[in-house]
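Participant: okay, sequence plus prediction incoming.
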Amino acid sequence: MIQQRTITAAEMRGINRSAVLEIIRRESPIARTTIAKGLEISLPTVMRIVDTLIEDGFVRPQGESEWTGGRRRPLLEFNADGNVVLGVDMGGTNLYGAISDIGGHIIAEVDLERRGAAGEECYALLEKLIDDLLARSELAGRRVRGIGVGAPGITHHRAGIVKWAYPLKWRDFPLKARLHERYKLPITVDNDVNLAALGEFWFGAGQNVKNMILITVGAGVGAGIIIDGTLYRGSSEASGEIGHMIPGREFLGHTYVDFGALESMASVTGIVKQAQEALAAQPEAAARATSGEQIVEAAARGEAWARTLMDQVVDYLTLAVANLSVSFDPELIVLRSGQSRLADVLVKPIARRMQGTMPAPAPLVVSNLGLRATVMGAIVTVLHNTSNFYIVHKLS
């Protein structure tokens, strides 16, 4: 049994500070008295916390004023555009990076082709992308709060070590330490789908729920799981590696190390491989089936091989969605893909396949952040790590 412990005075101040910062972020401009009433804490406590948030640059006075009985004080607003975060998504075939203010507004973007780069070559590309972002004129007059990087694989986020990222050929890679040595900024490193789930939860389709799952269908298949407003990581930080789900008894007895059974059948990589095998005797047709978009288009044109393949993909993903739904009972499941149109094409058929299979399946929607979800999650993690942020749950 885990030993219970008491909370320190410093942690109590951190909890109150987090609550005040979050209500200002969501409801600004807002008065100090409104904050005190909404959080049921004293006005002097709110005023002390607000002073530290203004000093740290997270909050600023707004033009309008409130009357508290003694003197007029300006309303407060979240200083979104005065603070920025650099976010990088290393998943997929490209490295995508962006500068965003902490309100979630993208200011500048950079896209670099990875072209199969791995190991040290891939790290060099990452440094080049970050250097390009730091040199952008849009940073003038803004405070860079930190850099957040999403890696496609099992990642120990506290140490910032990428345990194993098959697409990058990184094993026990000390990414956080190496980046911090070069950039001298707060650095956060996490699994790319975990970050995407946080981005979707804070800035996308999941803003009005507490329990949500994001499924990403890209080079692999992964999930980010949000429970009671916090990211669930698992005992070894490998939760959500649903590409390794066993989607049928025929997959038992086989060895899947770097690429899981589900993603061998339902990821974009797996879809393209199956298309090439189906068209092996038709070189011209095979040359037009080298991406997820091309296969979706072929299915839309009614080409039999593509429709058969996409029907199979829908079946396998439906099994994954159904199993996640009954295991975690989320309020929402969000589907995301780096391939344009793929998520849109999959959502309705998956929902139809699930009809009648369970009493209350979770609603399934398409991500409204798309490729930007991981960068949005980087904003969340950097903001939380640099503002001493707490999320508290009371057991019922």
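Facilitator: That came in fine, so what should we check first?
Participant: every contact and neighbour count from this point should use C-alpha atoms.
Facilitator: Noted.
Participant: surely Val209 touches Ala362?
Facilitator: No: Val209 is not in contact with Ala362 according to Cα atoms under 8 Å; the separation is 11.8 Å.
Participant: once you drop chain neighbours, what's closest to Gln294?
Facilitator: With sequence-adjacent residues excluded and distances taken as Cα to Cα, 6 or more residues apart in numbering, Gln294 is closest to Arg288, at 6.6 Å.
Participant: over to Arg136?
Facilitator: Ala108 (7.8 Å).
Participant: would you check that the one you found makes contact with Glu138?
Facilitator: Yes: assessed by Cα under 8 Å, Ala108 is found in contact with Glu138 at 7.3 Å.
Participant: now do the shared contacts for the two.
Facilitator: Counting by Cα atoms under 8 Å, 6 or more residues apart in numbering, Ala108 and Glu138 have no shared contacts at all.
Participant: okay, and Ile391 sits in which element?
Facilitator: Assigned by DSSP states H and E, Ile391 belongs to no helix or strand.
Participant: so for this protein, the centremost residue is which one?
Facilitator: Ala196 (1.3 Å; Cα atoms, centre = their mean).
Participant: need phi/psi at that one.
Facilitator: With angles defined as degrees, to the nearest 10, Ala196 sits at phi -60, psi -40.
Participant: tell me the contacts of it?
Facilitator: Counting by Cα under 8 Å, 6+ apart, Ala196 touches Leu214, Gly224, Arg372, Ala373, Thr374, Val375, Met376, Gly377.
Participant: quick one: contacts for the last one?
Facilitator: Which is Gly377. Contacts for Gly377 were tallied using Cα under 8 Å, 6+ apart; they are Asn194, Leu195, Ala196, Ala197, Leu198, Gly199, Glu200, Trp202.
Participant: can you put the residues you listed in TSV and add pLDDT, distance to Gln355 and secondary structure?
Facilitator: Below are the contacts of Gly377 laid out as TSV (pLDDT from 0 to 100; distance: Cα to Cα, whole Å; DSSP: H, G, I helix; E, B strand; the rest coil):
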residue	pLDDT	distance to Gln355	secondary structure
Asn194	96	28	helix
Leu195	96	30	helix
Ala196	96	27	helix
Ala197	97	25	helix
Leu198	96	28	helix
Gly199	96	29	helix
Glu200	96	25	helix
Trp202	94	29	helix
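Participant: and the furthest pair within those?
Facilitator: Taking Cα to Cα as the measure, the contacts of Gly377 reach their widest spread between Asn194 and Trp202, a distance of 12.5 Å.
Participant: can you pull out the low-pLDDT segments for the stretch 1-150 of the chain?
Facilitator: When the per-residue scores of the stretch 1-150 of the chain are filtered using pLDDT under 70, the ranges that remain are 1-2, 64-71.
Participant: same deal with the stretch 251-396 of the chain?
Facilitator: Counting by pLDDT under 70, the stretch 251-396 of the chain contains low-confidence ranges at 339-340, 396.
Participant: residues touching the longest helix out of those in the chain, excluding its own?
Facilitator: Identified as the longest helix of the chain according to DSSP state H is helix 304-328. Under the criterion Cα under 8 Å, 6+ apart, residues 242, 245, 247, 262, 265-266, 271, 274-275, 278, 295-296, 298-300, 333, 346, 349-351, 353-354, 358, 361-362 lie in contact with helix 304-328.
Participant: if I pick the residue lying closest to Thr290 once chain neighbours are set aside, what's in contact with it?
Facilitator: In space, not counting the residues next to it along the chain, Thr290 is nearest to Val272; the distance is 5.9 Å by Cα to Cα, 6+ apart. Applying Cα under 8 Å, 6+ apart, one finds that Val272 lies in contact with Ala289, Thr290, Ser291, Gly292, Ile295.
Participant: and the gap between the third one and Val268?
Facilitator: When Cα to Cα, to the nearest Å is the yardstick, Ser291 and Val268 sit 7 Å from each other.
Participant: more neighbours: these two, which one.
Facilitator: Comparing Ser291 with Val268 by other Cα atoms under 10 Å, the one with more neighbours is Val268, at 27 against 16.
Participant: right, and that one touches Gly218 too?
Facilitator: Yes: distance between Val268 and Gly218: 5.3 Å, which falls inside the contact criterion (Cα under 8 Å).
Participant: quick one, phi psi at the residue nearest to Thr290?
Facilitator: According to degrees, to the nearest 10, the main-chain angles of Val272 amount to phi -60, psi -40.
Participant: measure it to Val257 for me?
Facilitator: Using Cα to Cα, one obtains 20 Å as the distance from Val272 to Val257.
Participant: repeat that for Pro359.
Facilitator: From Pro359 over to Val257 the distance is 35 Å, taken as Cα to Cα.
Participant: ok, Arg5 next?
Facilitator: Arg5 sits 40 Å away from Val257 when distances are taken as Cα to Cα.
Participant: between those two, which has more neighbouring residues?
Facilitator: More neighbours surround Val257 than the other of Arg5 and Val257, with 9 against 6 (other Cα under 10 Å).
Participant: so that one, which of the three states?
Facilitator: Here Val257 is recorded as coil under DSSP: H, G, I helix; E, B strand; the rest coil.
Participant: go on, Pro349?
Facilitator: When the structure is reduced to helix, strand and coil (three-state DSSP), Pro349 reads as helix.
Participant: again with the one 10 residues further on
Facilitator: For Pro359, the secondary-structure state derived from three-state DSSP is coil.
Participant: tell me, how many residues neighbour it?
Facilitator: Number of residues near Pro359 (other Cα under 10 Å) recorded here: 8.
Participant: so where do the strands sit in the stretch 151-300 of the chain?
Facilitator: Taking DSSP state E, counting those that start in this stretch to define them, one finds strands in the stretch 151-300 of the chain at 154-156, 161-165, 170-173, 187-191, 212-217, 221-227, 230-232.
Participant: who wins for proximity to Arg142 among the ones you listed?
Facilitator: The closest of the strands of the stretch 151-300 of the chain to Arg142 is strand 187-191. By Cα to Cα, the value is 17.6 Å.
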